[in-house]
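J.: here is a sequence together with a model predicted from it:
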Amino acid sequence: MAFENHTELKDLEPKPRKHFNLIFQDISYSALYYDTQSYSIKTKLILKDISGVFVSKELSVILGPSGSGKSTLLDILAGYKTYKTKDTNNVGYIEINEIKIQDHRVLRKESCYIMQNNLLQELLTVEESLMVAAQLKLGAEYSAKAKRSKISSIADSLSLTSCITTLTQSLSGGQRKRLAIALELLNDPTIIFLDEPTTGLDSSNATQLMSLLRDMAHRGTMIICTLHQPSASLLSKADHLYVLNEGYCTYQGTIPGLVPFLADLGYNCPSNYNPADYVIEVSLEAERMYEQSSNGKLYNINSSLGGNTVFRTIEEKGITSKLFYSTLSTEFS
Ligand SMILES: Nc1ncnc2c1ncn2[C@@H]1O[C@H](COP(=O)(O)OP(=O)(O)OP(=O)(O)O)[C@@H](O)[C@H]1O
Ligand SMILES: [Mg+2]
């Protein structure tokens, strides 16, 4: 099953995007590891029955303390880790516009995953790297001229034009991250996952990258990224926030909705404090937070807040959840 019709791409213009959503329900993930104290194989539960929703045309951010399961969740959503194993009775599922994803290769095909330390071809220039990727990803059906024009428009939008003839090994950290993104943009992915794209960048480079991701998202791509200790201004670039703590979802909703959500639980974020830091600090009380956020579930609307955060988020977008589902599934099929 393909998410979209790929037949008309001759001029290599960005594909027109329809709204779509990615929902995951009751996802658990355990890792097997060798315990050197008991000399036996043990399992560690990393994600604990979490649920959530991401929608297209939004920049979504996953936040949480180190070891909370952010990269694991991204790996699962991108189809690089499977949460269904023989020995676990996992009832969870991932669906796109109400269509359950049975084969995780579909997720891999339609999305791209930019990991923290993406490997680049060090001895090629930026332009050569892009040309090699274009040849491999776009194939022979497009002319060299069409590929060159696509490369130049991507390089332009990612501010790589000034270093187009620089060897990859000589690029700065920010330029390397932007090149990794540029390489993935060539075939116009439907969903882009990024693991800590701003880590290692200075604040102006990080802000520039987040603004760029937001623009790309608003043009139709679904962008989901994890962030490590973002500043308040960096976080404000995002449209949707998903907070994890010890494998539980402790908040899901808009960025402006975070401070009132915490205040409802009795945690008043001081005005001179970064809400991104504050939510991680109060995560010691994660139990109350994940109860209040229903561990990300979509259907539980009985919380004292008059609907859980996702439900409210969907309502804030002006669509009821039922309509939300039916509209999207007809548009996307
Ligand atoms: N194969 C494994 N065996 C044992 N523990 C594992 C395994 N894989 C992951 N973990 C543990 O699962 C937890 C979640 O890991 P994950 O990489 O998803 O965290 P994270 O939120 O991305 O952290 P960071 O912010 O540091 O990148 C960590 O405590 C990690 O040690
Ligand atoms: Mg990680």
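T.: That came through, no problem. Ligands and ions are numbered 1, 2, ... in the order given.

J.: any weak-confidence spans in the stretch 51-200 of the chain?
T.: Applying pLDDT under 70 to the stretch 51-200 of the chain flags residues 84-90.

J.: now do the strands in it.
T.: For the stretch 51-200 of the chain, applying DSSP state E, counting those that start in this stretch gives strands covering 59-63, 93-96, 99-100, 111-114, 191-195.

J.: among these, which comes closest to ligand 1?
T.: In terms of C-beta to the nearest ligand atom, the element of those nearest to ligand 1 is strand 191-195, at 7.4 Å. From N, CA and C alone the C-beta is placed, and that goes for glycine too.

J.: distance check, the residue in the stretch 101-250 of the chain that ligand 1 sits nearest to against Thr198.
T.: Closest residue of the stretch 101-250 of the chain to ligand 1, C-beta to the nearest ligand atom: His228 (5.8 Å). Taken as C-beta to C-beta, to the nearest Å, the spacing of His228 relative to Thr198 amounts to 8 Å.

J.: in terms of neighbours, single out the busier of the two.
T.: The neighbour comparison of His228 against Thr198 (other C-beta atoms under 10 Å) goes to Thr198, with 25 against 16.

J.: could you find the closest non-adjacent residue to that one?
T.: Nearest non-adjacent residue to Thr198, counting by C-beta to C-beta, 6 or more residues apart in numbering: Ala206, 3.9 Å away.

J.: up against ligand 1, what does the stretch 1-150 of the chain have?
T.: Ala31, Tyr33, Lys44, Ile46, Gly64, Ser66, Gly67, Ser68, Gly69, Lys70, Ser71, Thr72 (C-beta under 6 Å from any ligand atom).

J.: before we move on, back to that, list the residues that contact the residue nearest to Thr198.
T.: Thr198, Pro230, Leu234 (C-beta atoms under 8 Å, 6 or more residues apart in numbering).

J.: check what pLDDT it gets.
T.: Note for Ala206: predicted pLDDT of 87.

J.: nearest residue to the middle of this protein?
T.: For the chain, the residue nearest the mean C-alpha position is Ile224 (1.5 Å; C-alpha atoms, centre = their mean).

J.: what residues are up against the nearest residue to Pro270 once chain neighbours are set aside?
T.: Nearest residue to Pro270 in three dimensions, chain neighbours excluded: Tyr278, at 7.7 Å (C-beta to C-beta, 6+ apart). Going by C-beta under 8 Å, 6+ apart, Tyr278 touches Leu262, Tyr267, Cys269, Pro270.

J.: the residue lying closest to Ile76 once chain neighbours are set aside - how many residues pack around it?
T.: Spatial nearest neighbour of Ile76, chain neighbours left out: Tyr83 (5.3 Å); criterion: C-beta to C-beta, 6+ apart. Number of residues near Tyr83 (other C-beta under 10 Å) recorded here: 23.

J.: now Ser28: which helix or strand?
T.: strand 21-35 (DSSP states H and E).

J.: again but with Ser204, I slipped
T.: helix 203-218.

J.: chain center to that helix, what's the gap?
T.: Centroid separation for helix 203-218 versus its chain: 14 Å, with C-alpha atoms, centre = their mean, to the nearest Å.

J.: mind exporting the C-alpha coordinates of the following helix or strand past it to PDB?
T.: Remark: after helix 203-218, the chain's next helix or strand is strand 222-226, criterion DSSP H and E. The C-alpha coordinates for strand 222-226 follow below in PDB (Å, rounded to 0.1, in the frame of the first residue of the first chain):
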ATOM      1  CA  MET A 222       4.600  15.500   8.700                       C
ATOM      2  CA  ILE A 223       7.800  16.200  10.700                       C
ATOM      3  CA  ILE A 224       8.400  14.500  14.000                       C
ATOM      4  CA  CYS A 225      11.600  15.200  15.900                       C
ATOM      5  CA  THR A 226      13.100  14.600  19.300                       C
END
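
J.: pull up the distance across stretch 135-146, start to finish.
T.: Start to finish, the residues bounding stretch 135-146 are 11 Å apart (C-alpha to C-alpha, to the nearest Å).

J.: cool, and stretch 129-149?
T.: Counting by C-alpha to C-alpha, you get 15 Å between the two ends of stretch 129-149.

J.: follow-up on the earlier one: tell me the buried residues in the helix holding Ser204?
T.: For helix 203-218, a neighbour-count test (16 or more other C-beta atoms under 10 Å) marks Asn205, Ala206, Thr207, Gln208, Leu209, Met210, Leu212, Leu213, Arg214, Met216, Ala217 as buried.

J.: follow-up on the earlier one: list buried residues within the residues of the stretch 1-150 of the chain next to ligand 1.
T.: Applying 16+ other C-beta under 10 Å to those flags Ile46, Gly64, Ser68, Gly69, Lys70, Ser71, Thr72 as buried.
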